[in-house]
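Chemist: here is a sequence with its predicted model. Questions after.
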Amino acid sequence: MHGISRYIEDLITSRRPRRFWAGEDDAAIARTAITLRAARPGSGEPAEEFVTALHKKLAAELDPPAARRAVGGRRMFLHAATAAGAAAAGAAAGAGVDHVLTSRTPPGPSPASAGTLTPSRGTWLTVAAGADLPDGAVRPFTAGAVTGFIERHRGQLRAVSGICTHQGCRLALAARPARLVCPCHGATFALDGAALAHRFPGPLAALPRLEVREADGAVQIYAPAPGL
Amino acid sequence: MTRLRAVYSNAYTEWDAVYRDNVGWVHRLMFAKVGNRPDAEDLTTEVFLAALRPLRLPASVGAVRAYLLATARTVLAGYWARTLRVQVTALTEDPEQVLTAGAPEPAAPRQAQQILAALPERHRQVLRLRFLEGCTVAEAAQQIGISVANAKVLQHRAIRRAAQIAAGLE
């Protein structure tokens, strides 16, 4: 009895009602008291401060970088590897986006960049003839212990590792636009090594880059020397 | 052109719009079911925290509202289970109806008027003064012209009578 009376007084005086062990009779009375209290004019309107505070809280939960934590279902989003693209992806990441691609401006290093692979005992190994690599062309290569892809991009040679930074599967080359795609979980990389799209929580490291040069008409990669 | 526009304006593309467009009715609905602001705010928060993250956008306005309503129903049931341990109120609004009829609005004011109308004059008076006008017991006693002790007794009887009437209305 005391419980329900106090409950009603709390409702009338706009306090959070204190709990009590309610029977069925109490429930009926509480229900009626709630109906009567809720009929007070304007009482159900949310307070402006509350609406603002909750919006802030939700933004912290849903907007990047929080949105990069994959929660819920699995979807993949492909995006152009431009700074504008990265910004747009971030802005759109609020709602259905489980996680966001890491993206970057070519040719700068990716935020999750693994840098350049420089073996402690390396040597220049020829992987292609310069003539076989016209501008825009991409070729897979194996140089000793390293496999990767080499591209002549606007006259410059660049090479990246061909092993996915997630779990080490060998990447495949997809044409138009040229992308490196992992057959295991579908992660996609640009030819400069940037991770473009993936379905994993957190950022995915960029592909390590390799030193490349053209000497006497031969395209060479600086790779570990054969043998140990 | 007009047709495309109409379709587009009927969908949400960002969580921000989902929130701004629906926080009002979710809060009003919760307030109507718990009768106090602190709990209504907590439950509204719970609904949006639970609903927004898995939400796939774009989605139609009707579908989003039906989903929010379904989430609110679960959240409210959990609230009663951990407070009074009795399902005092429930969200009985039909999600299917929300798909076509727009955001649900609480029926509390109409129900309250029905209950009050069915009460004897003094019972109606004390409940109106206290619940709808927010008077203290002393203020209510003064307005009715009785002692504070009698006002307490009157209110006690009136709310029981009202509960019986409400049960009959359901």
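Modeler: Good, I have the coordinates.

Chemist: from residue A:157, how far off is the closest residue to residue A:217 other than its chain neighbours?
Modeler: Counting by C-beta to C-beta, 6 or more residues apart in numbering or on different chains, residue A:217 lies nearest to residue A:130, which is 4.8 Å off, once chain neighbours are set aside. C-beta coordinates here come from the backbone N, C-alpha and C atoms, glycine included. The spacing between residue A:130 and residue A:157, counted by C-beta to C-beta, to the nearest Å, is 9 Å.

Chemist: what sits in contact with each of those two?
Modeler: Counting by C-beta atoms under 8 Å, 6 or more residues apart in numbering or on different chains, the residues touching both residue A:130 and residue A:157 are A:214, A:219.

Chemist: what is the burial count for the closest residue to residue A:136 other than its chain neighbours?
Modeler: With C-beta to C-beta, 6+ apart as the measure, residue A:152 is the residue that lies nearest to residue A:136, at 6.8 Å, once sequence neighbours are left out. Counted with other C-beta atoms under 10 Å in any protein chain shown, the burial measure for residue A:152 works out to 21 neighbours.

Chemist: CA atoms only: put the helix or strand hosting residue B:166 into PDB for me.
Modeler: Element membership for residue B:166 (DSSP states H and E) is helix B:148-169. These are the backbone C-alpha positions of helix B:148-169, laid out as PDB (Å, rounded to 0.1, in the frame of the first residue of the first chain):
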ATOM      1  CA  VAL B 148      -5.800  17.800   4.100                       C
ATOM      2  CA  ALA B 149      -6.400  14.400   5.800                       C
ATOM      3  CA  ASN B 150      -9.800  14.100   4.000                       C
ATOM      4  CA  ALA B 151      -8.200  15.100   0.700                       C
ATOM      5  CA  LYS B 152      -5.700  12.200   1.100                       C
ATOM      6  CA  VAL B 153      -8.500   9.800   1.700                       C
ATOM      7  CA  LEU B 154     -10.600  11.200  -1.100                       C
ATOM      8  CA  GLN B 155      -7.700  10.900  -3.600                       C
ATOM      9  CA  HIS B 156      -7.000   7.300  -2.400                       C
ATOM     10  CA  ARG B 157     -10.600   6.300  -3.100                       C
ATOM     11  CA  ALA B 158     -10.800   8.300  -6.300                       C
ATOM     12  CA  ILE B 159      -7.700   6.600  -7.900                       C
ATOM     13  CA  ARG B 160      -9.100   3.100  -7.000                       C
ATOM     14  CA  ARG B 161     -12.400   4.000  -8.500                       C
ATOM     15  CA  ALA B 162     -10.700   5.400 -11.600                       C
ATOM     16  CA  ALA B 163      -8.700   2.200 -12.000                       C
ATOM     17  CA  GLN B 164     -11.900   0.200 -12.000                       C
ATOM     18  CA  ILE B 165     -13.400   2.500 -14.600                       C
ATOM     19  CA  ALA B 166     -10.300   2.300 -16.700                       C
ATOM     20  CA  ALA B 167     -10.400  -1.500 -16.600                       C
ATOM     21  CA  GLY B 168     -14.000  -1.400 -17.800                       C
ATOM     22  CA  LEU B 169     -13.000   0.900 -20.700                       C
END
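
Chemist: can you give me the strands for chain A?
Modeler: A:116-117, A:122-129, A:138-143, A:146-153, A:156-161, A:172-174, A:179-181, A:188-189, A:195-197, A:209-210, A:212-215, A:218-224 (DSSP state E).

Chemist: for the record, mean pLDDT for stretch B:126-134?
Modeler: When the per-residue pLDDT values of stretch B:126-134 are averaged, the result is 96.

Chemist: distance of residue A:159 relative to residue B:158?
Modeler: Distance of residue A:159 to residue B:158, computed by C-beta to C-beta: 85 Å.

Chemist: quick one: residues contacting the residue sitting nearest the centre point of chain B.
Modeler: A centroid search over chain B (C-alpha atoms, centre = their mean) returns residue B:32, at 2.0 Å, as the residue closest to the centre. When the contact criterion is C-beta under 8 Å, 6+ apart, the partners of residue B:32 are A:34-35, A:38, A:44, B:106-108.

Chemist: what domains does the record give for the chain?
Modeler: If you meant another chain, say so; for now it's chain A. By the record's domain assignment, chain A is partitioned as A:2-38, A:76-224 (automatic domain parsing).

Chemist: looking at chain B here, not the other one
Modeler: Domain assignment for chain B by automatic domain parsing gives B:2-101, B:108-169.
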